[in-house]
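Student: for reference, the sequence and a predicted model appear below.
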Amino acid sequence: MKIVVMISEKEYNEMAEFIKAKRNTDYLAMIDKSMAEAEAGGFIVKTIAELEAYE
């Protein structure tokens, strides 16, 4: 059984913007965490050859 929900275009656009903002917020939080880890020395140095080996 499928359920269909009808909403106005305005409501749909508002929901889409909310979801987009939430994704951006989550992404920026991940970037902030990664930057903090890097600044604390929590990163691994790899050569180009080592990175190419992952392919």
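Tutor: Received, thanks.
Student: figure out the helix or strand that Arg23 lives in.
Tutor: helix 9-39 (DSSP states H and E).
Student: quick one: mean pLDDT for the helix or strand just after that helix?
Tutor: Moving toward the C-terminus from helix 9-39, the next helix or strand (DSSP H and E) is helix 48-53. Here helix 48-53 scores 92 as its mean pLDDT.
Student: any idea how far Met35 is from Phe43?
Tutor: 10 Å (Cβ to Cβ, to the nearest Å). C-beta coordinates here come from the backbone N, C-alpha and C atoms, glycine included.
Student: let me know the secondary structure of Met6.
Tutor: For Met6, the secondary-structure state derived from DSSP: H, G, I helix; E, B strand; the rest coil is coil.
Student: excluding chain neighbours, what is closest to Glu37?
Tutor: Phe43 (6.9 Å; Cβ to Cβ, 6 or more residues apart in numbering).
Student: could you measure from that neighbour over to Glu11?
Tutor: In terms of Cβ to Cβ, Phe43 sits 44 Å off from Glu11.
Student: rewinding a little: check what pLDDT the residue nearest to Glu37 gets.
Tutor: 78.
Student: and it, its phi and psi?
Tutor: phi -140, psi 160 (degrees, to the nearest 10).
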